[in-house]
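> Give the three-dimensional model of this entry:
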Amino acid sequence: VACNMGTTLVHIAKKYGCDVVGIDLDEKAIEKANKKIKDNGLENKVKAICGNAFDLPFEDESFDIIFHPVSNCYIESVEPVFKECYRILKKGGILLCGLDTIINYVLDENEEKIVFSMPFNPLKNEEHREFLQKMDCGYQFSHSLSEQLGGQLKAGFILTNIEDDTGGEGRLHEMNIPTFIMTRAIK
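Take a look at the predicted model:
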């Protein structure tokens, strides 16, 4: 929940009355989130910590629910993330994921022409790297449905729901072409 982590964490805690933990590698995002948490007097209910999704700093079976927003796009390999989510969820716990589809990575910035080959990986493809630098949006990586849905299944999850959605704006949205999916899975 990188950009508005603090706002999101505070909103969840207030709306649902639950304890909430957010994790991000970006120390500045954590600082901003912790300021928002403190400003709302929720230091006892909400925590924002700096950490790595490949080695989460939590005990086995620590959480009832994990909300994993559309953040796989910032991770080159997603299967280890799903394994960690499985490890820290309690038996019967729920994993909610927002996931990009490949269509977000094949098109030009106007969403009109297919211009990129897959997989989209700026660490291995100079053209991908240049495009992301032009868009000023950080390194992102495409992932197939096999990687994302299959990764959840390989980790041991049981998928209970899949929904698709548009990006909320742009040409593909106007054409009602889904570019994101949401999954619900149970441990």
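> does V70 sit in a helix, a strand or a coil?
The assignment at V70 comes out as coil when based on DSSP: H, G, I helix; E, B strand; the rest coil.
> got the buried residues for the least confident helix or strand in the chain by mean pLDDT?
Taking all helices and strands of the chain together, the one with the lowest average confidence (mean pLDDT, DSSP states H and E) is helix 5-16, at a mean of 89. Under the neighbour-count criterion of 16 or more other C-beta atoms under 10 Å, helix 5-16 has M5, G6, T8, L9, V10, I12, A13 buried. C-beta coordinates here come from the backbone N, C-alpha and C atoms, glycine included.
> what does it rub up against?
With C-beta atoms under 8 Å, 6 or more residues apart in numbering as the contact definition, helix 5-16 has outside contacts at 1, 18-20, 22, 24, 29-30, 32-37, 40, 42, 45-46, 48, 67.
> End to end on stretch 33-47, go ahead and measure it.
9 Å (C-alpha to C-alpha, to the nearest Å).
> Centre of the chain to it, how far?
Relative to its parent chain, stretch 33-47 has a centroid offset of 22 Å by C-alpha atoms, centre = their mean, to the nearest Å.
> now A53: how far from D64?
Relative to D64, A53 is positioned 19 Å away (C-beta to C-beta, to the nearest Å).
> Which one's more surrounded, those two?
Of the pair A53 and D64, A53 is the one with more neighbours under other C-beta atoms under 10 Å, namely 19 against 12.
> Name the nearest residue to L42, ignoring sequence neighbours.
Spatial nearest neighbour of L42, excluding adjacent residues (C-beta to C-beta, 6 or more residues apart in numbering): A13 at 5.5 Å.
> name the element E163 belongs to?
Under DSSP states H and E, the secondary-structure element containing E163 is strand 158-165.
> If you could redo that for K28, that was the one I meant.
Counting by DSSP H and E, the element that carries K28 is helix 27-39.
> List the neighbouring strands of the helix or strand that contains M182 plus their orientation.
Using DSSP H and E, the element containing M182 is strand 180-186. Neighbouring strands of strand 180-186 in its sheet, by DSSP bridges, are strand 89-100 (antiparallel), strand 158-165 (antiparallel).
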